[in-house]
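Enquirer: Quick one, what's the 3D model for this:
(one chain, ligands or ions: 1)
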Amino acid sequence: MSAVLPKAFPSNLNCSHLPAKPKKKKLVASPQVSTKGELVMDERDTSKSARSAKVKRKRVNKESTFVNTIGYGDENTGFRVKKKESKAAVVEKKEKKIAEELFDGGEETVLQEEEKSYLSDTRFDECPISPSSLKGIKDAGYVKMSKVQEATLPLILQGKDVLAKAKTGTGKTVAFLLPAIEVLSKLPSSNLGGKVSPINVLVLCPTRELAIQAATEAKKLLKYHPSVGAQVVIGGTRLTQEQRNMQANPCQILIATPGRLKDHIENTTGFQARLKGVKVLVLDEADRLLDMGFRRDIERIIAALPKERQTLLFSATVPKEVKQICHVAMRKDHEFVSTVEEGTEETHAQVRQMYLIAPLEKQLSVLHQLLTEHISQDSDYKVIVFCTTAMVTALVAEVLVGLKFKVREIHSRKTQSYRTRVSQEFRQSKGLILVSSDVSARGVDYPDVTLVIQIGMPSDREQYIHRLGRTGRKGKEGQGILMLAPWEICFLNTVKDLPITEAAPCQPDPGCQGKILEVLARIDMRNKERAYQAWLGYYNSAKGVGQDKLRLVNLATEFSESMGLREPPALQRKVLSKMGLSKVPGFRSI
Ligand SMILES: Nc1ncnc2c1ncn2[C@@H]1O[C@H](COP(=O)(O)OP(=O)(O)OP(=O)(O)O)[C@@H](O)[C@H]1O
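Expert: Coordinates of the predicted model:
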């Protein structure tokens, strides 16, 4: 395997290395409609003002038709069978009429050409979906299905287990929630009531943020299903509070993080009985949930569920190991659906990906330069800076605040209420930088993120793709920069098939380093000690770095120097021992 080797870090070049946002011409929907009611596309400049007016609403002649590419008329689906006046046909007509009324006038959201790329030509109202769901979909502003939604809906409605792979930000949440709600709404009423209130749909998400977000999407789709409810159980909130909520208002859809769900299985009276009602299990970000970190919890959870159920696994990345172990959760005859074409990248073409090599002691000043440049180019900037661990995230955020950037931080060491508040604020804001650990790496849907910076090598190729996927969502443009230390270059091997190119070298403003040292000097020593320990823990187990322990000692010292420390902090003996480093010479211990 040939590595993509970057040039050495040059000492004397300016930082205008990032290509300015191209002022290219794009195809955008014209406000005109042809006599046949087709949308007429023309070519014109999409300057900022044009971009800001990107979503326009326009009436399209009802005659404009859309080709249904996947055959919802298929008899196997049990919907829209034949056009004879049978009872089924009458019901079908009635449903169709309601659907037509819902979308009457064919109000069509006209999007930029690039934003359409993730959508299919199939409209939701052409599909065998209940009028109540259609109403919710309409209120959410969705008209056409995304490609992954179009590809998976018929299979899920047929009752198949599905493993689905689709790029980040292309609507996977609706792809599993909508059919799951449809399955649920067709259950006989005995499944919906009785002494025990069963949980019929169980959605597992790897992070709390993702679970909350999935619940928000579920609530949109359930708006006109008054008898169906969705509830979230996640860590970071009081177990007893969740128990009370579930008792007061038992819902058929439960969205959970694995650890907390396991807690309820073990500690909440009657919970196991409720789980016996599960008809659909969804593993969102399946590869993450099935990797070693979550595997035990997932196995324990699956053991508590009925064997007779439908299982759906969704993710933007499905490494081959996941395909191998998905039998843990799925039936043998499950379908694998991928909307990422064979031989194409798993990342979006409209997201420019670059890497940049900088030694640890220069990384903060390079970061300062990257952010300053980006902000000067785009006043509507919205940046996520990913760091390796929670404590390193906290430190980088503190430095950026000291340098007067507008910053929020989010990581696992913050309380859940703080995380929820910051997440909500960032979702709605412009002109803000979010410094984050991997709690925001997967699935979190922040609209219009303009730049994702990753400092330090991600845990693996999949995590790189998911972090990058926080920008360029729903077909929009974005930019990603991966900043590596020279000794992390080996990581590039794992992403060499992706269109990631080396950024022109960056020489930060000479005055900046001094300012950074001043800021660092003001930061509480304990925060630096925590960052040092966390950094060491991360790289100690990082592939390609952690094996050579003697080298690790030196790299950790380099990191402590980058925080302005003369000597590395001493670590507790038991911490060193836990990391398997107690016998390695060079670490200071107390
Ligand atoms: N058919 C649709 N039309 C328009 N917007 C949609 C449609 N379906 C979903 N969306 C919106 O697209 C955005 C991205 O969806 P979602 O977060 O589910 O993507 P995802 O594929 O799960 O991404 P990730 O891989 O990062 O988890 C959300 O804001 C969602 O509300």
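Enquirer: Quick one: residues contacting the spatially most central residue of the chain.
Expert: Nearest residue to the geometric centre of the chain (Cα atoms, centre = their mean): residue 443, 1.7 Å. Under the criterion of Cβ atoms under 8 Å, 6 or more residues apart in numbering, the neighbours of residue 443 are 173, 205-207, 209-210, 213-214, 284-285, 466. In this view, the C-beta of every residue, glycine as well, is placed from N, C-alpha and C.
Enquirer: what kind of secondary structure is it in?
Expert: coil (DSSP: H, G, I helix; E, B strand; the rest coil).
Enquirer: Return the member of the contacts of residue 443 nearest to residue 425.
Expert: residue 209 (12.8 Å; Cβ to Cβ).
Enquirer: Please report phi then psi for the closest one.
Expert: In terms of degrees, to the nearest 10, the main-chain angles of residue 209 are phi -60, psi -40.
Enquirer: How about it: what's its closest non-neighbour residue?
Expert: residue 444 (5.1 Å; Cβ to Cβ, 6 or more residues apart in numbering).
Enquirer: next one: residue 206
Expert: In space, residue 206 is closest to residue 288, 4.4 Å off (Cβ to Cβ, 6+ apart).
Enquirer: what helix or strand does the one you found sit in?
Expert: In this structure, residue 288 sits in helix 286-290 according to DSSP states H and E.
Enquirer: ok, now residue 259?
Expert: Element membership of residue 259, judged by DSSP H and E, is helix 258-267.
Enquirer: I'd like the next helix or strand past that helix.
Expert: helix 271-275.
Enquirer: can you pull the buried residues of that following helix?
Expert: Of all the residues in helix 271-275, those buried under the rule 16 or more other Cβ atoms under 10 Å are 271, 274-275.
Enquirer: I'd like the next helix or strand past the helix holding residue 288.
Expert: helix 292-303.
Enquirer: ranges for the strands of the stretch 451-590 of the chain?
Expert: With strands called from DSSP state E, counting those that start in this stretch, the stretch 451-590 of the chain shows them at 451-455, 478-484, 500-502.
Enquirer: Can you add mean pLDDT and distance to the ligand and give those back as a markdown table?
Expert: Shown next, in a markdown table, are the strands of the stretch 451-590 of the chain (pLDDT from 0 to 100; distance: least, Cβ to the nearest ligand atom, whole Å):
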| stretch | mean pLDDT | distance to the ligand |
| --- | --- | --- |
| strand 451-455 | 98 | 12 |
| strand 478-484 | 97 | 12 |
| strand 500-502 | 96 | 18 |
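Enquirer: These into CSV, with extra columns for mean neighbour count?
Expert: Compiled in CSV, these are given as follows (neighbours: other Cβ atoms under 10 Å):
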stretch, mean neighbour count
strand 451-455, 24
strand 478-484, 24
strand 500-502, 16
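Enquirer: hang on, the earlier thing: so the residue nearest to residue 206 versus residue 411, what's the distance?
Expert: From residue 288 across to residue 411, the span is 17 Å (Cβ to Cβ, to the nearest Å).
Enquirer: out of these two, which sits in the more crowded spot?
Expert: Neighbour count, other Cβ atoms under 10 Å: between residue 288 and residue 411, residue 288 has more, with 24 against 21.
Enquirer: could you point out the longest helix in this structure?
Expert: As assigned by DSSP state H, the longest helix anywhere in the chain is helix 360-377.
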